[in-house]
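> Okay, predicted coordinates and the sequence, questions at the end:
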Amino acid sequence: MSFFGNDAINRVNLHSGVQALAQGAGGVFVLVFLLRAGVPAPMVLVAMAAMNAGRFVLRPLVLPLARRIGLRATLILGTVLEAATFPLLPLVQGMDLAFAAVVAVGPIGSVLYWTSYHAYFASVGDDEHRGGQVGAREALTAIIGIAAPLLGGWALVVLGPWPAFLGVAAIQAAAALPLLGAPQVAVADEAPGSLKAAWAGMGLMACDGLFAGGYYYVWELALFVSLGESFTAYGGAMALAALVGAVFSLLIGRHIDAGRGRSAAVVAFLVAVAVLGLRALSVGSPWLAVTANALGALVTALWIPALMTPLYNLAKASPCPLRFSVATEAGWDLGCAAACLAGAAMVAAGQTFAAPILVGLAGAVMGFVLLWRRYAAGSGPAALPT
């Protein structure tokens, strides 16, 4: 596969694999751990919305930092600071100061990491192999995701939260190591037209954030509750989902590179809607919830390459990939925060988790409409918006 010939992308994808180990063993447990620690479900969702709001406020600060130290160094710093949240989690006992610290500290590493990550991936990747490179990344993270949640669930139950989350923090910091030999990417002092170039991406990412709020974050709480708030059962369900989806990411990425992006978007959308509906129906049923979670791996494998392929190409073609990422990630923050706040209000009003899960449907529909327009009929992944 020729897209493996890019050493910089290989390093970033290796980094993504280690990052996936940390997030699979610890990151997917953050919200459910807060729930078990005595934080009411509506407030867990409010906390998620607050962290997205924090990212939105802090995001403009990424640009001057990256201009000073470079994009790779910013990504490395964000990777290390992402570890800061995990040692705080064992201290949480309800809505206390430790809970407030998690909400306050979480956005700092996250905003540095994801803003610079997407800009860096866009900068060093190849347009003609973009789908395959994204697919390879998603396949690697899915494979690692098979073992990571099992490890995290086991560690929380057998070792306890302190060893579990301190270990995850160490793995998260180690994710910076593959980036040390990666090429530096400078950030221009001035880049006229950057905001105009990012409008299409902002819309797509806002829709994806709205989708993610219901599909991922509300669902994590719903799945955990449906499985009797068992860390081991929850970790097992996440591992099964990764096993189901590992191979599909590579296939869909190559499909996009072959110039069939629109058909990939159609399939991703139909599967996403079907799985969203199943997840809403499965609330309270352990076996149905596990099945819905496993099928959700197909959505990730299909949706992420279909979404991120044109976004990365638009970013690379823009006057400044980092400024593009600042704008598009801000759109994602707003969409996800809106979904989480809507979900919190519904749960606080006595609704089951089914209703807020379906909030993600609005994001899926609007995102598909925008994505359909990004892929010109019969063209490859480098197609620009018309």
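Done, it's in. What you see is a predicted model; the values in this text were computed from it and never measured.
> From now on I want contacts and neighbour counts done on CA atoms only, so please keep to that.
OK.
> Give me the most central residue, the chain.
What sits nearest the mean C-alpha location of the chain, by C-alpha atoms, centre = their mean, is residue 212, with 8.2 Å.
> gap between it and residue 120?
Using C-alpha to C-alpha, to the nearest Å, one obtains 23 Å as the distance from residue 212 to residue 120.
> And the residue lying closest to residue 278 once chain neighbours are set aside, how close does it get to residue 27?
The shortest distance from residue 278 to any non-neighbouring residue, by C-alpha to C-alpha, 6 or more residues apart in numbering, is to residue 292 (6.0 Å). According to C-alpha to C-alpha, residue 292 and residue 27 sit 20 Å apart.
> same deal with residue 179?
Residue 179 sits 21 Å away from residue 27, taking C-alpha to C-alpha as the criterion.
> follow-up on the earlier one: which residues are in contact with the residue nearest to residue 278?
Residues in contact with residue 292, defined by C-alpha atoms under 8 Å, 6 or more residues apart in numbering, are 275, 278, 279, 282.
> Number of residues surrounding residue 193?
Counted with other C-alpha atoms under 10 Å, the neighbours of residue 193 add up to 11.
> can you give me phi and psi for it?
Backbone torsions of residue 193, given as degrees, to the nearest 10, read phi 90, psi 0.
> That one reaches residue 323, doesn't it?
No. Between residue 193 and residue 323 no contact is recorded; they are 10.0 Å apart, counting by C-alpha atoms under 8 Å.
> Which helix or strand in the chain has the lowest average pLDDT?
helix 248-257 (a mean of 58; mean pLDDT, DSSP states H and E).
> The next helix or strand after it: which residues count as buried?
Once helix 248-257 ends, the next helix or strand along the chain (criterion: DSSP states H and E) is helix 261-282. Residues of helix 261-282 classed as buried: 261-266, 268-269, 271-273, 275-282 (neighbour count, 16 or more other C-alpha atoms under 10 Å).
> Dump the contacts of residue 292 into JSON lines; add pLDDT and distance to residue 175 as well.
Formatted as JSON lines, those follow (pLDDT from 0 to 100; distance: C-alpha to C-alpha, whole Å):
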{"residue": "275", "pLDDT": "92", "distance to residue 175": "31"}
{"residue": "278", "pLDDT": "95", "distance to residue 175": "35"}
{"residue": "279", "pLDDT": "96", "distance to residue 175": "32"}
{"residue": "282", "pLDDT": "95", "distance to residue 175": "35"}
